[in-house]
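In: coords please:
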Amino acid sequence: MTGKSGWAVSALLFCTLLSGGCNLLGGAGVKTGAQEVEKTAAEKQKARLLKSIERRFENPDAHFELGRLYQADGLWAKAEYHYNIVLGFDPVHRQGQAARVKVLQANGDEEQSQLSAEFYINQASSTASGSLKLGLAFQQEKLDDYALRCYRQALGLAPNSAKINRQIGYYYLVQGDKERAGDYLRRSFQLNANQPEVAYELGRLGIAAQIPRRSEKDLKKLDKIVEKADSTSKR
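Out: Coordinates of the predicted model:
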């Protein structure tokens, strides 16, 4: 082998080794900064949650957040595993209940998903607040039929709740049913006029936000107090 050909072969061998990822200067086991793979935000969050669970397994919030990450990745079995743990520690964790129903549905277990939803809705039926929270959780999971059932259940328990009427109004807004949305938002505003966000939505729907009579009387009393104060100051 001549000097030139030997040099060429050596150079070719060097380039081949370099392209194969061998770091001749730092050793084969050492990666350069360019070769270091950056972890995604989700992977970092998973690692943080796993460490948190390792320190204290009885942490339903950490299990729930980890389940959410697995659910987002389409890892239904892993997500359900952590949601089951959540509900083991906190049987009325409404977000965990709704998320489990969603995961079962996504995994093709429609029957178990429906049975679980029925169980959770029935469990929440004793209180308006529990029904409302479960409805919000179902709506977050885009399980709209279950959400509406919970809202109606809550309204049946507390028909004069401005909060529940408002939420049903917002639900119908999302569904594009402006007529029903207006009815519930109007009712909510009648029950509690101190809701500028509801007045705004009513205005967008072309509905006048009328102050309830009780509030009008309170305003008249306030006007009289102000007038009396003004006349006293002028003396």
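In: and N107, backbone torsions?
Out: The phi/psi pair for N107 (degrees, to the nearest 10) reads phi -90, psi 0.
In: Number the residues from 3 up from this point.
Out: In the new count, where the first residue is 3, that last one comes out as N109.
In: wait, what's in contact with it?
Out: 78-79, 82 (C-beta atoms under 8 Å, 6 or more residues apart in numbering). Bear in mind the C-beta positions are built from the backbone N, C-alpha and C, glycine included.
In: which among those residues gets closest to R57?
Out: E82 (23.3 Å; C-beta to C-beta).
In: Distance of that closest one relative to N196?
Out: Separation of E82 from N196 (C-beta to C-beta, to the nearest Å) stands at 42 Å.
In: next one: K53
Out: Distance from K53 to N196, by C-beta to C-beta: 45 Å.
In: The helix or strand hosting K53 - contacts with which helices or strands?
Out: Assigned by DSSP states H and E, K53 belongs to helix 43-57. For helix 43-57, the packing partners by 3 or more C-beta pairs under 8 Å, 6 or more residues apart in numbering; DSSP states H and E come out as helix 62-74.
In: What is the helix or strand following the helix it packs on packed up against?
Out: Downstream of helix 62-74, the next assigned helix or strand under DSSP H and E is helix 78-91. Contacts defined by 3+ C-beta pairs under 8 Å, 6+ apart place helix 78-91 against helix 62-74, helix 96-108.
In: quick one: the last one to chain centroid distance?
Out: Here the centre of mass of C-alpha atoms in helix 96-108, compared against the chain's by C-alpha atoms, centre = their mean, to the nearest Å, lies 12 Å away.
In: quick one: contacts of whatever helix or strand comes next after that helix?
Out: Remark: after helix 96-108, the chain's next helix or strand is helix 112-125, criterion DSSP H and E. The contact list for helix 112-125 (C-beta under 8 Å, 6+ apart) reads 94, 96, 99-100, 102-104, 106-107, 132-133, 136, 140, 145, 148, 151-152, 155.
In: Those residues, buried ones only, as a PyMOL selection?
Out: In PyMOL, a selection of the buried entries from the contacts of helix 112-125 looks like this (16 or more other C-beta atoms under 10 Å):
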select buried, resi 96+99+100+102+103+104+106+107+132+133+136+140+145+148+151+152+155
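In: Show me where this protein dips below the pLDDT cut-off.
Out: 3-41, 212-237 (pLDDT under 70).
In: Where does the record place the domain boundaries for it?
Out: As recorded under automatic domain parsing, the domains making up the chain are 42-161, 162-229.
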